[in-house]
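[1] Sequence plus predicted model, see below.
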Amino acid sequence: MQPTNTHDPAYHHRVVDCQWACPAHTPVPEYIRLIAQGRYDEAYLVNWASNVFPGILGRTCDRPCEPACRRGRVEEAQAQKPEPVAICRLKRVAADLKGADIHARMPSPIAAAARNGRRVACVGAGPASLTVARDLAAAGYEVTVFDAEAKAGGFMRSQVPRFRLPEEVIDEEVDHVLRLGVSFRSGQRIDSMKALLSEGWDAVFVGTGAPRGRDLDLPGRWDAKAQVHIGIDWLASVSFGHVTTVGRRV
């Protein structure tokens, strides 16, 4: 039998249940240990390396890691009420308590002369495109992100209520990405992929998501078309200021 290779990330994914359950395989025990030591900057950076938006996820993630938490099974075996570690909330703790100089500990923008000469376009400025932009910019690519709205963030900005996710948190974590030298072209909708490809990009990433809600063909639906709004479209309109009043009865 060969000795276990503990340097292989797959080993930790198999034996650390919460890390295995996390879609980003964030090393949960590592950043919880750092939080317990009061090292919030380090805990935040561990998260940032894996999931890009720790402060946002600490407020909005559906936390698949917590049902997988081993602590729940241990307590259940001891006839106690199973309670997983509050992994998601601890992610927010690290984000909220990190130092103001966190930028000094992040990668610096790569100078134009040191880049690899490759140009990449990202269509959409939601979490997918911003993640691609962050990783490629740090690897020396020249990345440009296009979005029809005035601010980057996509669904993170338009679909989550402000009492749950303050806009300043979105601004801060989006800024972490843009500060790496990523160019953001706001208010520029891509209507033709053929036209975009003709601009000589080495690669194009399409991260537009699926920003359309579901309509229901109910009796009277089309008779009251002007007063019926699809949820996702309406939330985006409110978030970006296209709707200023909603009437007295909704």
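    It's in.
[2] ranges for the helices of the chain?
    Here the chain has its helices, by DSSP state H, at 9-15, 17-21, 28-36, 40-51, 54-60, 65-68, 70-77, 87-97, 127-138, 155-158, 167-178, 193-197, 231-239.
[3] give the contact list for residue 105.
    Residues touching residue 105, when contacts are defined by Cβ atoms under 8 Å, 6 or more residues apart in numbering, comprise 41, 45. (Glycine included, C-beta is placed from N, CA and C.)
[4] How many residues are close by residue 75?
    Around residue 75 sit 15 other residues, with neighbours defined as other Cβ atoms under 10 Å.
[5] how much space between it and residue 20?
    As defined by Cβ to Cβ, to the nearest Å, residue 75 lies at a distance of 20 Å from residue 20.
[6] Over to residue 221?
    In this structure, residue 221 and residue 20 are 45 Å apart, going by Cβ to Cβ.
[7] Neighbour count: those two, which is higher?
    Looking at residue 221 and residue 20 with other Cβ under 10 Å, you find the greater number of neighbours at residue 20, namely 16 against 11.
[8] excluding its backbone neighbours, what's nearest that one?
    Using Cβ to Cβ, 6 or more residues apart in numbering and skipping residues adjacent in sequence, the residue nearest residue 20 is residue 13, 4.7 Å away.
[9] Show the model's pLDDT score for that neighbour.
    The model reports residue 13 with a pLDDT of 71.
[10] and it, what does it touch?
    For residue 13, the contacting residues are 19-20, 25, by Cβ under 8 Å, 6+ apart.
[11] how does it look with 10 Å?
    For residue 13, the contact set (Cβ atoms under 10 Å, 6 or more residues apart in numbering) comprises 19-22, 25, 27.
[12] the domain parsing of the chain - what is it?
    Structural domains annotated on the chain: 9-100, 112-206, 213-250, as defined by automatic domain parsing.
[13] list the buried ones in the last one?
    Of the residues in domain 213-250, those scored as buried under the neighbour-count criterion (16 or more other Cβ atoms under 10 Å) are 229, 232, 234-236, 239.
[14] want to throw the residues you listed into TSV with pLDDT and distance to residue 90?
    Rendered in TSV, the data for the buried residues of domain 213-250 read as follows (pLDDT from 0 to 100; distance: Cβ to Cβ, whole Å):
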residue	pLDDT	distance to residue 90
229	80	37
232	76	30
234	77	34
235	76	29
236	72	31
239	68	28
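[15] any low-confidence regions in the chain?
    Within the chain, the ranges that satisfy pLDDT under 70 run 76-77, 79, 211, 239-242, 250.
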